[in-house]
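In: test case, fold it:
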Amino acid sequence: MSRTSDQARRPAGQLRADARENRARLITAATTAFAEKGADAPLEDIARRAGVGIGTLYRHFPTRLDLQAAVFRSQVGAVCGKGEELAGSVPPAEAFAGYLRALAGYLVTKRGLSHALIEAVGIESELISSCWMAMRETTERLLSNAQQAGVIRPDVDATDVMRLVHGVSVSTEKAPERADMLLSVMLDGLRAPRP
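Out: Predicted structure coming up:
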């Protein structure tokens, strides 16, 4: 079982400003490349997109797995951050729907990244379990807020919701233009019945 290197997981705050910028550009470029070409996108292409040399990529991410893990953590952090932002800025029903759309968008763009990481580090690894827990906790918080507001039915839990979103994402992989409509149908089904 492979493991990501300690060097690749060093906190960005411990890097020089230019190194932090290079690291961020590499993660952004890799996110795009993995979405377009899958988890095996060429590393040379990622370095070129980021505007750095391949040596810089390897200094930050000594293995493909290190880069994949950084992208995975970054994407999960962005989705959960969007959920928290919505929870603090819009009504519960709108926050819940907006978060589910962000979560579905994340699931669509990962293109095999989760599968590649699970195969490499295992489903019980710290990487996979911590990211799963972060998404579950964000889903639970937004779901609970919407249920307390009386806008989402009380008999569903976060796992149910995540399964539904995953189902929409998988079923629209070859027809992404249908994802928003199916999410709307799903959200209609989750609405609390009117008294």
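In: was I right to think residue 104 contacts residue 171?
Out: No - checked against CB atoms under 8 Å, the pair residue 104 and residue 171 is beyond contact range at 10.9 Å. (C-beta placed from N, C-alpha, C; glycine too.)
In: compare these two and say which one has the larger neighbour count.
Out: residue 104 (22 against 12; other CB atoms under 10 Å).
In: which other residues reach whichever strand or helix holds the more buried one?
Out: Here residue 104 sits within helix 92-109, counting by DSSP states H and E. With CB atoms under 8 Å, 6 or more residues apart in numbering as the test, helix 92-109 has contacts from 31, 35, 75-76, 78-79, 82-83, 86-87, 89-90, 135, 138-139, 142-143, 145-146, 148-149, 151-152, 161-162, 165-166, 168-170, 172-173, 176, 179-180, 183, 186-187.
In: distance from it to the middle of the chain?
Out: Computed by CA atoms, centre = their mean, to the nearest Å, the chain-centroid distance of helix 92-109 equals 11 Å.
In: please point out which parts of it sit buried.
Out: 92-93, 95-109 (16 or more other CB atoms under 10 Å).
In: show me where pLDDT drops low in the chain?
Out: Across the chain, the ranges flagged by pLDDT under 70 are 1-15, 111.
In: residue contacts, residue 87?
Out: Taking CB under 8 Å, 6+ apart, we find residue 87 in contact with 95, 99, 141, 142, 145.
In: apart from its chain neighbours, what residue comes closest to the second one?
Out: For residue 99, the nearest residue in space outside its immediate sequence neighbours is residue 83; the separation is 4.1 Å by CB to CB, 6 or more residues apart in numbering.
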